[in-house]
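In: I would like to see how this sequence folds:
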Amino acid sequence: MRDRLTMARRVRAYATTNKTVKEAGTGLSSTQHVTPTERSALRTFGSRGGKKSAQRWTDPTQTEYHTNARKPLEAANKRRAQQARASKAEVLAFLSRQIVESGTQPTRREVMQEFGLSESTAKRYLREVRHLL
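Out: From the prediction side, this is the model:
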């Protein structure tokens, strides 16, 4: 990834070197204005990077690349799943407390306000938690 970023910087530098005059009518200096040729160079660079990445994902000999790329994703997904389970447990505790105290289940809106959840998330949590009561 770092190599790609370095290459992109070099392409941009190459594309914008020796430009100091203002472009007519734009109000931008020429280093802020990109010509069609420069856009083409950057576009080609981007598509080549994408093609190379796609080849790596489909190549069975690149298992080390696959595992290294998935490690941070797996950690983030695990953390997200644990956070969701904790949120569901909090909703279950809230429902149980409300039923014990008032004898009625709280509405979806009350759950949304209590935990700051979106409507779809509140619906999903209530659906998954209600059968545990």
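In: Test for you: state the pLDDT assigned to residue 132.
Out: If you check residue 132, the pLDDT there is 84.
In: How about the contacts made by the residue nearest to it when sequence neighbours are not counted?
Out: Excluding the flanking residues, the one nearest residue 132 by Cβ to Cβ, 6 or more residues apart in numbering is residue 92, at 6.0 Å. Just so you know, the C-beta spots here come from the backbone N, C-alpha and C atoms, and that holds for glycine as well. Contact analysis of residue 92 by Cβ atoms under 8 Å, 6 or more residues apart in numbering lists 129, 132-133.
In: Please enumerate residues in contact with stretch 122-133?
Out: By Cβ under 8 Å, 6+ apart, the surrounding residues in contact with stretch 122-133 are 87-88, 91-92, 95-96, 99, 105, 108, 111-112, 115, 117.
In: could you dump these to TSV with distance to residue 43, pLDDT and secondary structure?
Out: Below are the contacts of stretch 122-133 laid out as TSV (distance: Cβ to Cβ, whole Å; pLDDT from 0 to 100; DSSP: H, G, I helix; E, B strand; the rest coil):
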residue	distance to residue 43	pLDDT	secondary structure
87	43	93	helix
88	45	94	helix
91	48	94	helix
92	52	94	helix
95	54	93	helix
96	57	93	helix
99	60	92	helix
105	56	90	coil
108	48	94	helix
111	48	94	helix
112	45	94	helix
115	45	93	helix
117	42	93	coil
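In: PyMOL command for the buried members of these?
Out: Only the buried entries of these go into this PyMOL selection, using 16 or more other Cβ atoms under 10 Å:
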select buried, resi 88+91+92+95+111+112+117
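In: Now tabulate the contacts of stretch 122-133 in a markdown table and tack on distance to residue 68.
Out: Converted to a markdown table, the contacts of stretch 122-133 look like this (distance: Cβ to Cβ, whole Å):
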| residue | distance to residue 68 |
| --- | --- |
| 87 | 31 |
| 88 | 32 |
| 91 | 37 |
| 92 | 38 |
| 95 | 42 |
| 96 | 44 |
| 99 | 48 |
| 105 | 47 |
| 108 | 42 |
| 111 | 40 |
| 112 | 40 |
| 115 | 36 |
| 117 | 35 |
